[in-house]
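> Would you be able to build a 3D model of this:
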Amino acid sequence: MGDFDMVKKCVANDEADLCLCNMQTQSNAPWNMMRGVREQEVGQNPFMVLVSLVGSTQRDELAHTIDAGPDDLMMRPFSRDVFVRRMNELASRRKKFVVTSE
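Residues are numbered from 1 along each chain as shown. Reported below is the predicted structural model:
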């Protein structure tokens, strides 16, 4: 979805189990939404599966994206097989983590 208000509403209403988020935008909306999920400002499930779709390999941008709290980063472009494999890995062997403010 390109409408982050709609995405936030779906997440806040617990209508989503997985969020794939394109991080290449001109706004901070994707970062704010992810941080909001992790800090329970958006929805009630800080452990919702969040995946960031990134195209840039710039160190600052990747660090900023990782700081938002995604479970995984997927570099674009990627194939359907890579996508399915990574989603299966997340479903079966998700890394444990603790939600913190930093």
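> Just the element for residue 21, please.
For residue 21, the element it lies in under DSSP states H and E is strand 18-22.
> How about residues contacting that strand?
Contacts of strand 18-22 with the rest of the structure, by Cβ atoms under 8 Å, 6 or more residues apart in numbering, involve 7, 11, 30, 33-34, 37, 48-53, 70, 87. C-betas here are computed from N, CA, C, even on glycine.
> If we use 7 Å, what do you get?
Identification of contacts with strand 18-22 by Cβ atoms under 7 Å, 6 or more residues apart in numbering yields 7, 11, 30, 34, 48, 49, 50, 51, 52, 53.
> Which pLDDT value does the model give residue 66?
Residue 66 is assigned 90 on the pLDDT scale.
> In this protein, mark out all the helices, start to finish.
Secondary structure of the chain, counting by DSSP state H: helices at 4-12, 29-38, 59-67, 80-92.
> got any ranges where this structure has weak pLDDT?
Residues of the chain that meet the criterion pLDDT under 70 lie in 1-2, 97-102.
> Can you give me the separation between the residue lying farthest from the centre of the chain and residue 40?
The centre of the chain is farthest from one residue, residue 81, which by Cα atoms, centre = their mean lies 19.7 Å away. Residue 81 sits at a distance of 35 Å from residue 40 (criterion: Cβ to Cβ, to the nearest Å).
> likewise residue 5?
Remark: distance between residue 5 and residue 40 (Cβ to Cβ) = 18 Å.
> now do residue 30
Between residue 30 and residue 40 the distance, using Cβ to Cβ, works out to 18 Å.
> just residue 16 next, same as before
If you measure residue 16 against residue 40 using Cβ to Cβ, the figure is 15 Å.
> So those two - more neighbours on which side?
Counted by other Cβ atoms under 10 Å, residue 16 and residue 40 do not tie: residue 16 has more neighbours, with 17 against 11.
> what about the nearest residue in space to that one that is not next to it in sequence, neighbour count?
For residue 16, ignoring the flanking residues on the chain, the nearest one in space by Cβ to Cβ, 6 or more residues apart in numbering is residue 10 at 4.9 Å. Other residues within reach of residue 10, judged by other Cβ under 10 Å, total 14.
> Kindly provide the distance from the nearest residue to residue 42 once chain neighbours are set aside to residue 92.
With Cβ to Cβ, 6+ apart as the measure, residue 36 is the residue that lies nearest to residue 42, at 3.5 Å, once sequence neighbours are left out. Here residue 36 is placed at a distance of 27 Å from residue 92 (Cβ to Cβ).
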